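Peer 1: the following comprises the amino acid sequence and a computationally predicted model.
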Amino acid sequence: MKVRLFEIFTSVEGEGILYGTKTLFVRLAGCPFTCFYCDTKESLPLDSGTEYTIENANQLIDSNLKEQTYKVNFTGGDPLIQHQAVALLAKHIQEKKIPTYLESSCFDIDRFNHVLPFIDIIKIEFKTKDSNFVDSNHYEKFIDHTLKCLESSVKSKKTTFIKIVVSSKTKPNEFQELTNQIFTLISKNNIDGFIIQPSYGVSEPSLDLLLELYDIVYPHYIDVKVVPQLHKFIGAP
């Protein structure tokens, strides 16, 4: 089996509940989706990056792994595009007793479940309708898969948190509907965090909108946080 990697680098985790931690990022190539605020567009083409055998990719990861790295983050693109390869790479990392972290839109429950045994920390990213992730005809099917991934992660007792990127285009009533779907499926005790992440550099949401969206989540989950992308502010990749 082979895997196409766009880049591997060590930096500071800039998002989610583990922001600020020293992290090795394994960015996989390929993502067919079209989020308008995507900040890694160069990694989206399925033929971007470089192709490696799994053995060579593991060697590349090992050579880039620095001391006192907190976790290894499989990101993209979208790692589930190459789910079989991700499972093998993550298994290799777990054998080193280093936590593995999946950063994905969780668009396919079967691919997700294949990777799940080899991942320790999972960010379930829900896309809003305004993200342009998929067209409106396919949005509900996508959300159904993401909800199933959330449920599967929780049942597997993984460290699980939710992230939703919002912009000035985000409609509170649609955000409310999505939040209700999430907490109809799970309880507040099932997750380890709920992050509202404002878009950066394009269609940035106002403080008033962020507070309105915060207030929608708060009755369900009082530890909800608005967390911007830290690495953007410190000039990290």
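Peer 2: Good, I have the coordinates.
Peer 1: and the longest strand anywhere in the chain, how far out from the chain's middle?
Peer 2: When the chain is scanned for its longest strand (criterion: DSSP state E), the result is strand 2-12. Between the centre of strand 2-12 and the centre of its chain there are 15 Å (C-alpha atoms, centre = their mean, to the nearest Å).
Peer 1: following the chain onward from it, which element is next?
Peer 2: Moving toward the C-terminus from strand 2-12, the next helix or strand (DSSP states H and E) is strand 22-28.
Peer 1: that next one to strand 2-12, inter-axis angle?
Peer 2: Using axes from the mean of the first three to the mean of the last three C-alpha atoms, to 10 degrees, the inter-axis angle of strand 22-28 relative to strand 2-12 is 150 degrees.
Peer 1: quick check: buried residues in strand 22-28?
Peer 2: Buried residues in strand 22-28, counted by 16 or more other C-beta atoms under 10 Å: Thr23, Leu24, Phe25, Val26, Arg27, Leu28. All C-beta spots, glycine's among them, are computed from the backbone N, C-alpha and C.
Peer 1: do you know how far the residue nearest to the first one when sequence neighbours are not counted is from Gly235?
Peer 2: To tie it back to what came earlier, the one meant is Thr23. Nearest residue to Thr23, sequence neighbours excluded (C-beta to C-beta, 6 or more residues apart in numbering): Glu13, at 4.5 Å. Separation of Glu13 from Gly235 (C-beta to C-beta, to the nearest Å) stands at 15 Å.
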